[in-house]
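Provided below are the primary sequence and the corresponding predicted coordinates.
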Amino acid sequence: MRRIQVNVNGATYEHEVEPRLLLVHYLREGLNLTGTMVGCNTSNCGACTVLLNGQSVKSCTLFAVQADGQEITTVQGLQTNGDWHPMQTAFHENHGLQCGYCTPGMILASISYLKENPNPNEEEIREALEGNYCRCTGYENIVKAVQQAAGQTS
Amino acid sequence: MTQAPERYMGGGLLRKEDPNLVTGKANWTDNIKLPGMLHLAMLRSPFARAKVTKLDVSGALERPGVVGAFTGEELADLWPGGVPCGAQVSDQQKTPFFPPLVTDEVRHVGDVVAVVVASDRYTAQDALEAIVVDYEPLTPVVNMEAALAEGAPLVHEDLGTNECFKYTAGVEGMDELFDAPDDTQEEGGGVRGPNVGGQGDTNQAFQRADVVIKERYIQQRLLPTAIEPRALVASVEPGHEGILLYSSTQIPHLAKIVLSLATGIPENQIRVVAPDVGGAFGSKLNVYREEIIAVVLAKKLGTPVKYVEDRSENYQATIHGRGQIQDIEMAANSDGKILGMRVKLLDDMGAYLQLLTPAISVSGAALFPGVYNFENFAIEIKGVFTNLTPTDAYRGAGRPEACFAIERAMDSLARELNMDPAEIRRRNFFEPFDEPTANPAGLEYDSFNLQGVLERAIELADYDALRQEQQRRRDNNDPVQLGIGFSTYTEICGLGPSQALAGLGIGGAGWEAANVRMLVTGKVEVATGTSPHGQGHETSWSQIAADVLGVTPDDVDVIHGDTGAVPFGRDTYGSRSLAVGGIAVYHAANKVVEKGKKIAAHMLEASEEDIEFEGGRFSVAGSPDQNVTIQDVAGAAYLASDLPEGMEPLLNETMIFDPPNFTFPFGAHICITEVDTETGKVKLRDYIAVDDCGPVINPTIVDGQLHGGLAQGIAQAMYEGVIYDEDGNLVTASMVDYMIPGAPELPNFTLDRTVTPSPSNPLGVKGVGEAGTIGAPPAVINSIVDALSPMGIKHIDMPASPMRVWKAIQNAQGKQSGDRQEDASLGASAADIKQGR
């Protein structure tokens, strides 16, 4: 067992964990932050995407011990004083989700991408989200949502 | 005084479902933790076919944290019904016993031989390694044609054959072409179907035809790939003897019945809850062995058990879609008028029958004639067992297969006759109609205006300009050629009239239930038997109830997915929810208004005939100042202190709606591709879809359904395909190897719609969930073949990967492109899919 200290959504946690424990399982089972989900186990689908020090990572690819001393944001940490992040609003307003299972990962990957490229065109958004699969929407409304959020944050 | 009611139906109300989903507050099954909960892990077979000669789970029991390890022998008494199949498509259908845990022989990779129960998931998974199994590998059957050959190894030796069923219609007098019908069929009770019977004399039609085309199409197996894998928690309900199963399912109500049949636990001792469900696409229209195992173990151990499949298990053990070999013949006049059609299908069952496995191809049988009005039609379907994962409903379920066959055949016929593909469709369309009209298989379509959708699509595409561009590129020997592909489709939705469903061999019970009740505070609860998992029923049902009751959608709460809260329902699949379940809500809400009128008359001391209802207010005709709100009436109905003599208290009305007919959405799609003849890469330049699903309750949701459906149809055409090797190993066993399209692989869509109401229900709605998946595959392949037709290329199998397209071009140019690798399951080339993307 290894002792780790992680800041998640602004709160600091300390736990003894098995070195093999995946970060996504630590978040879900250890911290009960069930807004982050598992979809594929092979880091293809992106349902488990979280922000590690502000950058999107797939939490099924990382061990919990690799997050020791770092800062993590999950979808449950995006609201400010109860207000949605503009990306959350944009997904809602553009019908960028149906079943919603990919949505937290999709939102976090999009937020991370807009930090890199605040004014992307449609093709760039599509390329940027290639690591996040959605089986419901066909992506068109997700792309529109990201465009809307980009317009608001830039 | 009273404002005209805001009409919510037809408006793009933003979804009520979204707030929980975008903030991470959804209640996925995998979130559920119950006191004392244990975790299940399945030991799955690495062989497609093998005898189990030794099985010893004692090693697993020695591991710390392991509570139990079980074999099929130990648990067999707890599932007398096995995993039930709910379909019987012919009296002679062979339905093997499907054990949740096998005891003697494994029949596909992923079959389950033992199970471990432990304190956590990691421990359970680890303990599987300590189970000793000796397998004696046997030669598997992995190809349908080989499975039917004389002397083939048998998937189920006790059945004596790999043929699961044979279904025929309209084949009399064609013994050379079709096998003789089953004996019982001649006696008139053997074959069931949606009133299918080839009309006319198909043989004679082929004899007098100017042109006959003969084609073979392959419907590759697909992995439904809901992003949420299956998950479940079974428990003994606290304080009760009964079972409570949380399951990521489309069918809590059906599951309750099926679990009872499987285990013998009385139906009234089972409650099934579908929490938030992360996509399904038909793959969760099933009751799986893992659910049965969890239920019996929760009961046996007296403690909750949880199971969550990983993605490899999802690909090995959750049903696959499609899996057909289609032989199509079409006869026509020189002017392009179809005279007759003959279809022979082989339909891959896999190793066992899941809930509806044999019914999928049969339910699509009567749709092979598509949107065309001709006379002679015959079809034969053989269901075939193979040592592969069972198939069942995947988005479209029988209809994409039928649509692909007819729409590809139409293009072949057009090319044979040197005719424009739009023109040959026009010549064979039904004229517009709005009352049920029989198709060549005897199926009663509800209402069509095919000309409307096709001409609108042609206009949006700027078709003439596209043909000119295509000609320019051809004249210039442009390495990038332009393809224009059509698909004009219909599909069967609104499942369905109970009597007709019984005819399809799936028992009946196509009705749907709704309860609409007004609470004392004036708020509304709608309990629906549909079970949404992304379709937005909470929003759309609120719109319907709000309009009928004159309240706002925010006043309405929609309750679903819990057999304890909604006692009767038939759940969500087959684009049935709105046309059956939404209509039940509409009727129940109208019943509330009707009862409200009586109470309002009493309150206003007027005659019931004089009460008018508009905008949530009951008023006396001619005296609009004399009025009461529906909330006032709801309060009075609840308090019940001053109701008309003998009236039952409450505004609490239930409707069980059994529709008089199915519904038949239709549409015209045009796919425009740019095909790079040097690399085989296909670019989707534009995709135009003009669909008619009748009046639209929520256009935002409808467009979203079309987008997602088109994505999955395009995926079948261009990107996806299951690959098995000759030993029956699943090669595409993870998302690394089976790639669903990401955002860069799909275009924006150009959508439009026409509105042709269905006579099957009072709102005229038809259904839209599967339209895109049905219309898209032939539009895409027709487009690619259209681009390459000057080279003499007539067909490319799905998925049309760059490798496949490139090889077709190389072969057409007389160049060697290397050996084609075989996909063992279908005897066709599919192994090159992966290289292609």
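Structure's in. What do you need? Keep in mind that what you see is a predicted model, and the values were worked out from it rather than measured.

can you pull the contacts of residue B:254?
When contacts are counted by CB atoms under 8 Å, 6 or more residues apart in numbering or on different chains, residue B:254 touches B:86, B:287, B:355, B:570, B:571. For every residue, glycine as well, the C-beta is placed using N, CA and C.

ok, now residue B:405?
Residue B:405 makes contact with B:215, B:217, B:326, B:328, B:343, B:368 under the criterion CB under 8 Å, 6+ apart.

next up, the contacts around the third one.
If I follow you right, that is residue B:326. By CB under 8 Å, 6+ apart, the residues touching residue B:326 are B:215, B:216, B:217, B:218, B:219, B:343, B:344, B:345, B:401, B:404, B:405.

farthest-separated two in the residues you listed?
Spatial extent of those (CB to CB) is set by the pair B:344 and B:404 at 15.1 Å.

just the buried positions in stretch A:128-136, please.
If you call a residue buried by 16 or more other CB atoms under 10 Å in any protein chain shown, then stretch A:128-136 has these buried ones: A:128, A:129, A:131, A:132, A:133, A:134, A:135, A:136.

same deal with stretch B:89-99?
The neighbour-count check on stretch B:89-99 (16+ other CB under 10 Å) flags B:89, B:90, B:91, B:92, B:93, B:94, B:95, B:96, B:98, B:99 as buried.

got it, and stretch B:678-694?
Across stretch B:678-694, burial judged by 16+ other CB under 10 Å covers B:680-682, B:684, B:686-694.

one step back: residue B:344 and residue B:404 - which one has more neighbours?
Counted by other CB atoms under 10 Å in any protein chain shown, residue B:344 and residue B:404 do not tie: residue B:404 has more neighbours, with 32 against 20.

so which residues on the stretch 501-650 of chain B come close to chain A?
Neighbours of chain A within the stretch 501-650 of chain B, by CB under 8 Å from any CB of the partner chain: B:533, B:534, B:535, B:536.

also the stretch 151-300 of chain B?
Within the stretch 151-300 of chain B, the residues that sit near chain A (CB under 8 Å from any CB) are B:225, B:226, B:227, B:228, B:229, B:276, B:277, B:278, B:279, B:280, B:281.

now for those: which two are most distant?
Spanning the widest gap among those are B:225 and B:276, at 18.0 Å by CB to CB.

spit out the contact partners of the closest residue to residue B:230 other than its chain neighbours.
Nearest residue to residue B:230 in three dimensions, chain neighbours excluded: residue B:309, at 4.9 Å (CB to CB, 6 or more residues apart in numbering or on different chains). Counting by CB under 8 Å, 6+ apart, residue B:309 makes contact with B:229, B:230, B:231, B:290, B:317, B:318.

tell me which of these fall in strands.
By the criterion of DSSP state E, membership of the contacts of residue B:309 in strands covers residue B:231.

need the max-distance pair from the contacts of residue B:309.
The distance between the two most remote of the contacts of residue B:309 (CB to CB) is 13.2 Å, for B:231 and B:317.

what secondary structure does the residue in the stretch 401-550 of chain B that chain A sits nearest to sit in?
Ranked by CB to the nearest CB, the top residue of the stretch 401-550 of chain B for proximity to chain A is residue B:534, at 3.3 Å. With DSSP: H, G, I helix; E, B strand; the rest coil as the basis, residue B:534 sits in coil.
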